[in-house]
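Engineer: I need the structure of the sequence given here:
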Amino acid sequence: MPPPTLTLSVLPDSYAISRLDPDAPVPDWVRDTPFCSLTRTPEELSIVCPDPDVPADTQADRGWRIIQVRGPLDLTQVGVLASLAKPLADAGISVFAVSTYDTDYLLVKGDALERTLVVLSARGHNVG
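Structural biologist: Numbers count the residues shown, from 1 in each chain. Alright, predicted model coming up:
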């Protein structure tokens, strides 16, 4: 079965991936953001949100851009992330993935965004 052809959009702005202690409360600086993802595990509270919203004293990796897979996607659809991550891995581009009920988001460093879009377009995905 060939990999799915996906329609992708680039979200505006730069994002940060932050790490807080696992028992930290959800900080106020993520409450009114246009995009945020929170994941709590026994080891950490991980937060993806706009770069400017993250306080300077917070452990964070900054300068990420977000590529949205236009959805909604069927949760049983196979190969969505693989069809994006594999060609980018082959091109030496690091990714950070966030999935929701409706769709997937792929984060790449800002300086790799243009190259990422070229790679994904060459693999048949629609970037627009």
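
Engineer: contacts only, for residue 63.
Structural biologist: By CB atoms under 8 Å, 6 or more residues apart in numbering, the contact list for residue 63 reads 14, 16, 51, 109, 110, 111. (Each C-beta comes from the backbone N, C-alpha and C, glycine too.)

Engineer: wait, the second one sits on residue 46?
Structural biologist: When you say that, I think you mean residue 16. No. Taking CB atoms under 8 Å as the definition, residue 16 is not a contact partner of residue 46, at 10.9 Å.

Engineer: ok, back up a step: ok, the contacts of residue 63 vs residue 60, which is closest?
Structural biologist: Closest approach between these and residue 60, by CB to CB: residue 16, at 4.3 Å.

Engineer: against residue 73, how distant is the closest one?
Structural biologist: Distance, residue 16 to residue 73, by CB to CB, to the nearest Å: 26 Å.
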